[in-house]
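Chemist: take a look and give me a structure for this.
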Amino acid sequence: MLCHLTARRVFIFKQFMAARYLSLVQEKAFVNGVWTEAKSGTTFDVVNPYNQSVVAKVPDMSTGDAEKAINSAYEAFRTWQNVPAKERSSLLRKWYQVVDSNKEELAKIITAESGKPLKEALNEVLYGNSFIEWFSEEARRIHGEIIESPVGTREIMVVKQPIGVVGLITPWNFPIAMITRKAGAALAAGCTCVVKPAEDTPLTALALAKLTEEAGFPKGLFNVVTCSRDNAPAVGKLICESPKVAGISFTGSTNVGKLLYKQCAQGVKRIGLELGGNAPFIVFDSADIQKAVGGAMASKFRNCGQTCVSANRFLVQENVFDQFVSMLKQEMVQQLRLGDTTKPENNLGPLINQPQLEKVESIVKDALQKGANLHVGGNRASSVGPLFYEPTLLTGITPDMRCYNEEIFGPVVTVIKFKSEEEALDIANNTHSGLAGYFYSSNMAQVRRVAKQLCVGMVGINEGIISTAEAPFGGVKESGIGREGSHHGIDEYTFIKYLCVGNL
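Modeler: Numbering: from 1, shown residues only. Model prediction:
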């Protein structure tokens, strides 16, 4: 009897601890301030990439469900657009505070559904929350203009107003930051939001919605629509084409971005696109090689190489090529540890899903079959988990290899040798993408030249990590339209209205 009671108490304690851990995990969507199921009653699984366990089941919503979210955001906008900037600022500040109070649990959710190492997940929460803080302050700095009139009896004024309901379609690789970077700006400007998170990582978006409840958000201000891959195209199309949606912000693949761009054209919608990258990482002869290797490690292996600003093509000048490759290989072997990402000793997690694993594997196989040199890695790490791939270093890269031009999105370093600055720039700029670029040099004249001539929207100069709330994030060419973060981020959610006051 005593043993039975003890076992029962242990069970109750475990249930209690599980409830505390799962307090922010929601298994319903959030529409008009209400936690709701899909009208069809169907759900889909959220799977942990580390061990393929089912973390939760969330509603598989259709266009009818999404329409309700759009309608609720449309109604909420009628009031929210007229709320004074100071009040919008205060509400966003409360959201920032409750997110900060729950940062450890949010990090656990990110790790559970994306496989990101727990320390890295916590850093993402802090980074994502910095956008809420930043835009809570920027809400009070949306300024207009007074323009000198050519006619003495007229006054010319310019004001900025919110565009309306915005659809936020976000990716799996930064499940909190890609929402807060958009929603923080939109809400600060006076817009309302319909968020469609990636099907791989919906739990973080729902946890953010839960925290808007705690912060006291009015109903309809922040809506989250979850759906599976099967329903995602139709829901995305509806959000783009609905006459009640004024603008779209999307982060994800270039191919999907182009499709959404076409769908938004029907309504001439405001659109912000942050699409694929193919970042060059250039190391010149004059560089501090130790610092360049450190920057390479930070830029390449964050989130297992699954970031749009991850260094993708390493271009190293011939005189320092062997030194750089040798030092980088040593750091990869010594620093990178694959395994259960809830444990602090492991700093490299799995790829997000099976298609991504197969893509990375096929790119490496293609390079090896065409004569690339393998220095380390080159295989699945199946003994660690089903979606793990070994950190890989390749040289002897030629233009006919897929890795020469294609974004890898995985823990694979490809190093290309170059002779001159002109050759490096030609290789770096010979791509349809233009999001981020990095280079290392101690020659200030070269720094000035290369910074100007790199055809990207963001440049890291002797620095491998460049993202921050205070700076404008975005690219050129097929890497997107518009900017996120900084004071420019709010411009995506406002329009300029000209007021002419006559007969004065």
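Chemist: OK, contacts around Glu104?
Modeler: The neighbours of Glu104, taking CB atoms under 8 Å, 6 or more residues apart in numbering as the test, are Leu122. In short, each C-beta sits where N, CA and C put it, glycine included.
Chemist: pLDDT at it, what is it?
Modeler: pLDDT for Glu104: 97.
Chemist: quick check: which element contains it?
Modeler: Per DSSP states H and E: Glu104 is located in helix 103-114.
Chemist: after that helix comes which helix or strand?
Modeler: Past helix 103-114, the next helix or strand by DSSP H and E is helix 118-138.
Chemist: and the helix or strand that that following helix is followed by, average pLDDT?
Modeler: Downstream of helix 118-138, the first helix or strand assigned by DSSP H and E is strand 145-147. Across strand 145-147, pLDDT averages out at 97.
Chemist: could you list the paired strands of strand 145-147 along with their orientation?
Modeler: strand 155-162 (antiparallel) (DSSP bridges).
Chemist: how about the strand it pairs with: buried residues?
Modeler: Buried residues in strand 155-162, counted by 16 or more other CB atoms under 10 Å: 160, 162.
Chemist: on that earlier part again, show me what counts as buried in the helix holding Glu104.
Modeler: Neighbour-count burial for helix 103-114 [16+ other CB under 10 Å]: 103, 105-114.
Chemist: count of residues packed around the closest residue to Ala185 other than its chain neighbours?
Modeler: Leaving aside its chain neighbours, Ala185 sits nearest to Gly489 (4.2 Å; criterion: CB to CB, 6 or more residues apart in numbering). Neighbours of Gly489 under the rule other CB atoms under 10 Å: 28.
Chemist: and Gly489, how close does it get to His143?
Modeler: 15 Å (CB to CB, to the nearest Å).
Chemist: the nearest residue to Glu463 once chain neighbours are set aside: neighbour count?
Modeler: Taking CB to CB, 6+ apart, and ignoring the residues beside it in sequence, Glu463 has Gly295 as its nearest neighbour in space, at 6.3 Å. Look at Gly295: counted by other CB under 10 Å, it has 23 neighbours.
Chemist: how about the one 3 residues further on?
Modeler: If you count neighbours by other CB under 10 Å, Ala298 ends up with 14.
Chemist: over to it: give its phi and psi.
Modeler: phi -70, psi -40 (degrees, to the nearest 10).
Chemist: rewinding a little: how far does the helix holding Glu104 sit from its chain's centre?
Modeler: 15 Å (CA atoms, centre = their mean, to the nearest Å).
Chemist: which residues does the closest residue to Glu470 other than its chain neighbours contact?
Modeler: Closest residue to Glu470 apart from its sequence neighbours, by CB to CB, 6+ apart: Ser486 at 6.0 Å. Applying CB under 8 Å, 6+ apart to Ser486 gives the contacts 469-473.
Chemist: in ChimeraX, select just the buried ones from these.
Modeler: To isolate the buried members of these in ChimeraX, using 16+ other CB under 10 Å:
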select :469,473
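Chemist: of the contacts of Ser486, closest to Thr392?
Modeler: Set against Thr392, the nearest of those by CB to CB is Phe473 (28.0 Å).
Chemist: report the beta-bridge partners for that closest one.
Modeler: Here Phe473 sits in beta bridges with Glu484, going by DSSP bridges.
Chemist: and the gap between it and Ser467?
Modeler: 6 Å.
Chemist: how about Gln266?
Modeler: With CB to CB as the criterion, Gln266 and Ser467 are 33 Å apart.
Chemist: of the two, which one has the most company?
Modeler: Legend: neighbour count by other CB under 10 Å for Gln266 and Ser467, higher for Ser467 (18 against 10).
Chemist: part of a helix, is that one?
Modeler: No. Under DSSP: H, G, I helix; E, B strand; the rest coil, Ser467 falls outside any helix and is assigned coil.
Chemist: so it touches Gly474, yeah?
Modeler: No. Here Ser467 does not reach Gly474: they are 11.2 Å apart, not a contact under CB atoms under 8 Å.
Chemist: and Phe11, what pLDDT?
Modeler: 42.
Chemist: tally of neighbours for Cys308?
Modeler: Cys308 - counted by other CB under 10 Å - has 28 other residues nearby.
Chemist: contacting residues for the nearest residue to it once chain neighbours are set aside?
Modeler: Setting aside the residues directly before and after it, Cys308 is nearest to Gly277 in space (CB to CB, 6+ apart), at 4.6 Å. By CB under 8 Å, 6+ apart, the contact set of Gly277 is 308-310, 312, 407, 433, 435-436, 475, 479.
Chemist: tell me where the stretch 151-300 of the chain has helices.
Modeler: Secondary structure of the stretch 151-300 of the chain (DSSP state H, counting those that start in this stretch): helices located at 177-189, 202-215, 232-241, 254-265, 289-301.
Chemist: and the fourth one, what does it pack onto?
Modeler: Using 3 or more CB pairs under 8 Å, 6 or more residues apart in numbering; DSSP states H and E as the contact criterion, the secondary-structure elements in contact with helix 254-265 are helix 232-241, strand 245-251, strand 270-274.
Chemist: can you put the ones you listed in JSON lines and add mean pLDDT and distance to Ser149?
Modeler: Below are these laid out as JSON lines (pLDDT from 0 to 100; distance: least, CB to CB, whole Å):
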{"stretch": "helix 232-241", "mean pLDDT": "98", "distance to Ser149": "40"}
{"stretch": "strand 245-251", "mean pLDDT": "98", "distance to Ser149": "30"}
{"stretch": "strand 270-274", "mean pLDDT": "97", "distance to Ser149": "29"}
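Chemist: so for Gly257, which of the ones you listed sits nearest?
Modeler: For these, proximity to Gly257 was assessed by CB to CB; strand 270-274 is nearest, at 4.6 Å.
Chemist: take the helices of the stretch 151-300 of the chain and lay them out in JSON lines including distance to Gln81.
Modeler: Listed next are those as JSON lines, based on distance: least, CB to CB, whole Å:
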{"stretch": "helix 177-189", "distance to Gln81": "9"}
{"stretch": "helix 202-215", "distance to Gln81": "18"}
{"stretch": "helix 232-241", "distance to Gln81": "19"}
{"stretch": "helix 254-265", "distance to Gln81": "21"}
{"stretch": "helix 289-301", "distance to Gln81": "40"}
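Chemist: tell me which of those sits nearest to Glu345.
Modeler: Nearest to Glu345 among the helices of the stretch 151-300 of the chain is helix 289-301 (15.4 Å), distances taken as CB to CB.
Chemist: buried residues in the closest one?
Modeler: 289, 292-297, 299-301.
Chemist: beyond that helix, next helix or strand please.
Modeler: Downstream of helix 289-301, the first helix or strand assigned by DSSP H and E is strand 311-317.
Chemist: give me the contacts around that next one.
Modeler: 277-285, 296, 299-300, 324-325, 404, 407-408, 413-419, 424, 427-428, 438, 464.
Chemist: and the gap between the residue nearest to Glu463 and Gly464?
Modeler: Where Gly464 is concerned, Gly295 sits at a distance of 3 Å (CB to CB).
Chemist: any idea how far Asp100 is from Gly485?
Modeler: For Asp100, the distance to Gly485 - CB to CB - is 19 Å.
Chemist: nearest residue to Val415 in space, please, no chain neighbours.
Modeler: Phe314 (4.4 Å).
Chemist: neighbours around that neighbour, how many?
Modeler: Neighbours around Phe314, by other CB under 10 Å: 28.
Chemist: cool, and the one 4 residues further on?
Modeler: Residues lying near Glu318 (other CB under 10 Å) number 12.
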